[in-house]
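>>> Need coordinates for the following:
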Amino acid sequence: MKKLVLISVAAVLASTGAFAQSTIVGTTGAGHAATVQIEPQYRTRIHSYVTEHKIRPVETRERIVVGSPVPSEVELEAVPADWGPSLTRYRYVYTGQRVMLVDPDTRTVVQEVE
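Numbers count the residues shown, from 1 in each chain. This next block holds a predicted model:
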């Protein structure tokens, strides 16, 4: 019986890792930010977009970090379609070093794109 349970747990853990590599995860039911997985080619597009369009960084007193809400005075920008179809539900903020994906419903940062 213990072997069956251990094998089941191992199978679930193994499949979860593979699933997380290609799936976008939103926020959890409790309102806490979850990690958003971004394919490498989309990360490259995001960096290119910010550089080519000379996006002006936002300035805030508080540091903008994953899991925290973006201050209400900061304008959230729409995510361009070429960043990937699964990211268009989010908004973004550029801090000068990183692009932060934000859930527009809660204004919570869900992913930092380095």
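>>> My read is that Val66 contacts Glu112, right?
Yes. Between Val66 and Glu112 there is a contact under Cβ atoms under 8 Å: 5.3 Å. C-beta coordinates here come from the backbone N, C-alpha and C atoms, glycine included.
>>> Show me the common contact partners of these two, please.
Met100 (Cβ atoms under 8 Å, 6 or more residues apart in numbering).
>>> ok, Tyr42 - contacts?
For Tyr42, the contact set (Cβ under 8 Å, 6+ apart) comprises 83-84, 87.
>>> Can you tell me which of these comes closest to Ser48?
Ranked by distance to Ser48 (Cβ to Cβ), the contacts of Tyr42 are led by Trp83 at 10.1 Å.
>>> so who does the closest one touch?
Trp83 neighbours (Cβ under 8 Å, 6+ apart): 42, 45-46, 49.
>>> quick one, phi/psi of it?
The phi/psi pair for Trp83 (degrees, to the nearest 10) reads phi -80, psi -10.
>>> now do Thr44
Here Thr44 shows phi and psi, under degrees, to the nearest 10, equal to phi -60, psi -40.
>>> remind me which residues of this protein are low pLDDT?
In the predicted model of the chain, residues 1-35 satisfy pLDDT under 70.
>>> Show me where it has its helices.
With DSSP state H, the ranges of helices along the chain come out as 2-21, 40-52.
>>> Break down this protein into its strands, ranges please.
Ranges of strands in the chain, per DSSP state E, are 77-78, 91-94, 99-103, 108-113.
>>> what's the last one packed up against?
If contacts are counted by 3 or more Cβ pairs under 8 Å, 6 or more residues apart in numbering; DSSP states H and E, strand 108-113 sits against helix 40-52, strand 99-103.
>>> how about the ones you listed, which one is nearest Tyr92?
strand 99-103 (5.4 Å).
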